[in-house]
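Chemist: the following block contains a protein sequence and its predicted model.
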Amino acid sequence: MKALQKMILPALLLAAVLLIYFIYFAPTGGLGLFSNFDTNNNANKDIKVALVAEKGIQTDPVNQSAVFYAADGAGAQHLVQAPYPLPDGIEQAEFIMMKGHLHDDHFHAVEIYLP
């Protein structure tokens, strides 16, 4: 009986840690949502989006910038300002990962990488 009582507290703590991990920190397979970003907050966060290839990618090597459109899981499309050069193969990528923050009129990406 005493051995069972000694195991209850560690088991509850382990269950709490696992619950927090799977709810808050576990990666999701789907696309992220731009609506999860606060336009008044400049903290950079990761988001997985789909590149809108039909609208093209404009690059400006002189100013070290690139501009393109990306769609989130809800289908919302936003203009993205990203650093140049972009990763190789981005034109053929189905999904891309971005780290950045949302403004009222565009998403400012500080890093672009392929998943």
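Modeler: Right, received. Where do you want to start? Numbers count the residues shown, from 1 in each chain.
Chemist: and the strands in this structure?
Modeler: Assigned by DSSP state E, the strands in the chain fall at 45-51, 57-60, 65-71, 77-83, 95-102, 107-113.
Chemist: reformat those as JSON lines; add mean neighbour count and mean pLDDT.
Modeler: Just so you know, the C-beta spots here come from the backbone N, C-alpha and C atoms, and that holds for glycine as well. Shown next, in JSON lines, are those (neighbours: other CB atoms under 10 Å; pLDDT from 0 to 100):
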{"stretch": "strand 45-51", "mean neighbour count": "18", "mean pLDDT": "94"}
{"stretch": "strand 57-60", "mean neighbour count": "12", "mean pLDDT": "93"}
{"stretch": "strand 65-71", "mean neighbour count": "19", "mean pLDDT": "96"}
{"stretch": "strand 77-83", "mean neighbour count": "17", "mean pLDDT": "95"}
{"stretch": "strand 95-102", "mean neighbour count": "18", "mean pLDDT": "95"}
{"stretch": "strand 107-113", "mean neighbour count": "17", "mean pLDDT": "95"}
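Chemist: redo the ones you listed as JSON lines? Include distance to G30.
Modeler: What follows is those, written out as JSON lines (distance: least, CB to CB, whole Å):
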{"stretch": "strand 45-51", "distance to G30": "8"}
{"stretch": "strand 57-60", "distance to G30": "23"}
{"stretch": "strand 65-71", "distance to G30": "12"}
{"stretch": "strand 77-83", "distance to G30": "17"}
{"stretch": "strand 95-102", "distance to G30": "10"}
{"stretch": "strand 107-113", "distance to G30": "18"}
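Chemist: I'd like to know how far the most centrally placed residue in the chain sits from V80.
Modeler: The chain has I47 as the residue nearest its centroid, 1.2 Å off, counting by CA atoms, centre = their mean. From I47 across to V80, the span is 10 Å (CB to CB, to the nearest Å).
Chemist: identify the contacts common to these two.
Modeler: Shared contacts of I47 and V80, defined by CB atoms under 8 Å, 6 or more residues apart in numbering, comprise 98, 100.
Chemist: list the buried residues in stretch 84-97.
Modeler: 86, 90, 93, 96-97 (16 or more other CB atoms under 10 Å).
Chemist: phi, psi for the residue nearest to P61 when sequence neighbours are not counted please.
Modeler: Leaving out its chain neighbours, the residue that sits closest to P61 by CB to CB, 6 or more residues apart in numbering is Y84, at 6.0 Å. The phi/psi pair for Y84 (degrees, to the nearest 10) reads phi -100, psi 140.
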